[in-house]
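1. Below are the sequence and a predicted model for it; my questions follow.
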Amino acid sequence: KSPKWAIAYKFKPEVKETKLLDVQYQVGRTGAITPVASLEPVYISGSTVSRCTLHNEEEIKRLDLHLGDTVKVIKSGEIIPKIIEVVTKLRQPDSIPISFAPFCPVCNGELYRGEDSPISYCTNTNCPAQIQRQLEHFCSRDAMDINGLGESLISRFIELGLIKCIQDIFALDYQSIAELDRLGAKSAQNLKAAVEESKTKNFDKVLFALGIRYVGDKTARTLASFFGNIDALLTADIETLKSVPDIGDIVANSVFSYMNNDNNKILIEDLRRIGLNFTFTSDQVSNALSSRTFLVTGTLPSLGRKEIEALVLKHGGKIVSSVSKNLDYLIVGDNAGSKLSKAQKLGSVNIINEADFIGMIEDN
DNA sequence: CCTCAGATTACGCAGGTTAA
DNA sequence: TTAACCTGCGTAATCTGAGG
């Protein structure tokens, strides 16, 4: 068995030194506080790096970061910036050690960090940052896919008081939006069309969009197809939830408490009234790919990845998110990266192209 | 207890669209 | 033409849940 670093460092990464200018704290959808380093921009392996995640409090301690420190930076896998260490001999003697944010950087709410968790969470459920991230998640491509309503527009709409909660997305006043700076009649019309389009999304996307803790896109689909509709989920007890394949104690409890929270019940009823889809419609047309797993890497000649992934599901196959011995087929396009080399190394994965894949399903 | 995969959070680039 | 923004492509690190 090869050690982990053999995959991570296929090429010896380029190491550059730069300065730590600041540490900012981001608040995620779940309230997780993530420290991010602001760096003096430095050119490494083909692009300029100016920010770098520090993951959590322990990582800051491990590196023993001080403000203004000179740090060594690499791009892991040629993509993701990482601080590997501090050049301590260049440290100013009076420099201040970085201490983790004592409160939520956005709402000043108390932070909570569990006994054996390295991650701190903002405990204020009304934290504006959390609400903004929840809205972004709801509109995002893999959820309701409301084209045009991204990070910056959501932030503007919140500031203008146009949006306070998910329901408000469906009650926007497009005439006043058309008069906003840098928007116009065309933008407003596009946005309206995108919001309407989202009402046709299948139940699994809606369930994912709600942003229930531990329920990502795959778990959402599992739950949607098992229960079939929201009422079955709303009334499911813990035991029933745990009986679903791939659902264990923690996820079952997370779903149960979401479904039994009064605010969430109101949200679901409002969205149902607005016309969102709370019943799962199977779009499966054949069993040609049943019990086989697929993954796409690179850019395919004619189909987008989302299209391929939809086709796999339609024919009864399963999409996985990483290369492992459980992967049956890797569909490879141009500019494939580390997934291809990992699959070749494993040897057990069938490596195919778009045409091969089409061939597998075309008689159905 | 161990292994694997999913969930979450993160960064960079190219390219398209739209308003100004 | 340009600025601003979004989309859609690529990726890693970390933690943690699920299940053998």
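-> Happy to help now that I have it.

2. Quick check, pLDDT for A:Leu271.
-> At A:Leu271, the pLDDT value in this model is 92.

3. and it, how far is that from DNA strand B?
-> Here A:Leu271 is placed at a distance of 19 Å from DNA strand B (CB to the nearest atom of the strand, to the nearest Å). No exception for glycine: its C-beta is placed from N, CA and C like everyone else's.

4. so which strand or helix has that residue?
-> A:Leu271 is part of helix A:262-274 when elements are defined by DSSP states H and E.

5. Just the residues contacting that helix, thanks.
-> A:165-167, A:170, A:199, A:206, A:210, A:230, A:234, A:258-259, A:278 (CB atoms under 8 Å, 6 or more residues apart in numbering).

6. Neighbour-wise, which one of those leads?
-> Highest neighbour count within the contacts of helix A:262-274: A:Val206, with 25 neighbours (other CB atoms under 10 Å).

7. Could you chop chain A up by domain?
-> Under the assignment automatic domain parsing, the domains of chain A span A:4-90, A:128-197, A:203-274, A:293-361.

8. beta partners of the closest residue to A:Val320 other than its chain neighbours?
-> Distance criterion CB to CB, 6 or more residues apart in numbering; nearest residue to A:Val320, sequence neighbours excluded, is A:Thr293 at 4.8 Å. A:Thr293 has the following beta-bridge partners by DSSP bridges: A:Lys318.

9. Reformat the contacts of helix A:262-274 as CSV; add secondary structure, distance to DNA strand C and pLDDT.
-> Shown next, in CSV, are the contacts of helix A:262-274 (DSSP: H, G, I helix; E, B strand; the rest coil; distance: CB to the nearest atom of the strand, whole Å; pLDDT from 0 to 100):
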residue, secondary structure, distance to DNA strand C, pLDDT
A:Cys165, coil, 18, 88
A:Ile166, helix, 17, 90
A:Gln167, helix, 20, 90
A:Phe170, helix, 17, 89
A:Lys199, coil, 16, 88
A:Val206, helix, 17, 90
A:Leu210, coil, 17, 89
A:Ile230, helix, 20, 92
A:Leu234, helix, 19, 91
A:Tyr258, helix, 14, 89
A:Met259, helix, 15, 90
A:Phe278, coil, 23, 91
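
10. Distance to A:Asp363 added to those residues, as CSV?
-> What follows is these, written out as CSV (distance: CB to CB, whole Å):
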residue, distance to A:Asp363
A:Cys165, 48
A:Ile166, 43
A:Gln167, 45
A:Phe170, 42
A:Lys199, 34
A:Val206, 33
A:Leu210, 38
A:Ile230, 36
A:Leu234, 41
A:Tyr258, 42
A:Met259, 41
A:Phe278, 34
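
11. in the helix holding A:Leu271, what's buried?
-> Residues A:268, A:271 are the ones in helix A:262-274 that count as buried (16 or more other CB atoms under 10 Å).

12. Give me the contacts around stretch A:145-165.
-> A:128, A:131-132, A:135-136, A:138-139, A:168-169, A:172-173, A:176-177, A:180, A:187, A:190-191, A:194-195, A:197-198, A:201, A:205, A:267.

13. in a strand, that's where A:Lys75 is, yeah?
-> Yes - assessed by DSSP: H, G, I helix; E, B strand; the rest coil, A:Lys75 belongs to a strand.

14. Need the nearest residue in space to it, chain neighbours excluded.
-> A:Lys75's closest residue in space is A:Ser45 (CB to CB, 6+ apart), at 4.8 Å.

15. got it, and A:Ala178?
-> A:Ala188 is the one closest to A:Ala178 (CB to CB, 6+ apart), at 3.9 Å.

16. and stretch A:199-210, how far out from the chain's middle?
-> Distance of stretch A:199-210 from its chain centroid, counting by CA atoms, centre = their mean, to the nearest Å, is 15 Å.
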